[in-house]
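>>> Based on what follows, work out the 3D shape:
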Amino acid sequence: MSDVRIDKWLWAARFFKTRQLAIDAIDKGKVKLSSGERIKPSRNAKLGERLHIDNGADEWDVLVVGISGKREGAPIARLLYEESEESLARRAALIERKRLFPEPFADNKGRPTKRDRRQWERATGDE
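Residues are numbered from 1 along each chain as shown. Next up is the predicted model:
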C-alpha cells in the first residue's frame with residue numbers, strides 16, 4: 001500500500017486521534033516538511049520524507065519509514081516512523097520541566113465545591 005494520504009498516515013501513526021484532527025492541523029500549518037514547506041492533506045506520504053508535526057501537546061521531527069493507512073496498536077504504529085535525536089531530547093526536556101515546575105492549577109477541576117471552600121477557609125484561617 002504505497003498510495004496513502006498524509007492525513008491518513010498521521011492518523012495511522014497515532015499522532016492524531018482522528019483524521020479530521022490531522023486534516024485541521026495540516027490546514028493550519030502544524031504539519032510541514034523538514035524544509036518548512038507546508039503540505040496539503042491529500043498529498044501522499046512518501047518513504048524517506050522528514051516531517052515536523054505539532055499536535056498541540058507535543059512536537060515531533062520524524063522520518064517516514066513505513067506506509068500504512070490502517071490504524072493499529074501503538075507498538076505497530078511506532079514502526080511507521082523514526083524520531084530524530086533532537087526531537088527526542090526536546091521532548092524529554094519538556095517532560096522534565098513539567099515534572100519539576102508543574103502548572104499551578106493543573107489539578108484544578110473547575111469551580112471549587114462547598115467542601116473545597118470550607119477546607120480552604122480552615123487552612124487559611126479565613127472563617
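>>> do you know how far Asp126 is from Trp120?
8 Å (CB to CB, to the nearest Å). From N, CA and C alone the C-beta is placed, and that goes for glycine too.
>>> swap in Pro41?
Using CB to CB, we find Pro41 at a distance of 48 Å from Trp120.
>>> Just want to know which of Asp126 and Trp120 has more residues nearby.
With neighbours defined as other CB atoms under 10 Å, Asp126 and Trp120 compare such that Trp120 has more, 11 against 8.
>>> What ranges does this protein have for its helices?
Secondary structure of the chain by DSSP state H: the helices cover 6-12, 19-27, 74-77, 85-100, 114-124.
>>> ok, and which of these has the densest surroundings?
Ranked by average neighbour count under the criterion mean count of other CB atoms under 10 Å, these are headed by helix 6-12 at a mean of 23.
>>> CA atoms of stretch 31-48 as CSV?
Once side chains and other backbone atoms are set aside, the C-alpha atoms of stretch 31-48 remain, and they are given as CSV (Å, rounded to 0.1, in the frame of the first residue of the first chain):
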residue,chain,number,x,y,z
VAL,A,31,2.5,19.6,9.8
LYS,A,32,5.4,20.6,7.5
LEU,A,33,8.2,19.1,5.5
SER,A,34,11.6,19.4,7.1
SER,A,35,12.3,22.3,4.6
GLY,A,36,9.5,24.2,6.2
GLU,A,37,7.2,23.7,3.2
ARG,A,38,3.5,23.4,4.0
ILE,A,39,1.6,20.4,2.7
LYS,A,40,-2.0,19.5,1.8
PRO,A,41,-4.0,16.7,3.4
SER,A,42,-4.4,15.0,0.0
ARG,A,43,-0.7,14.7,-0.5
ASN,A,44,0.6,11.1,-0.5
ALA,A,45,3.0,10.1,2.3
LYS,A,46,6.4,9.1,0.9
LEU,A,47,9.2,6.9,2.4
GLY,A,48,12.3,8.8,3.5
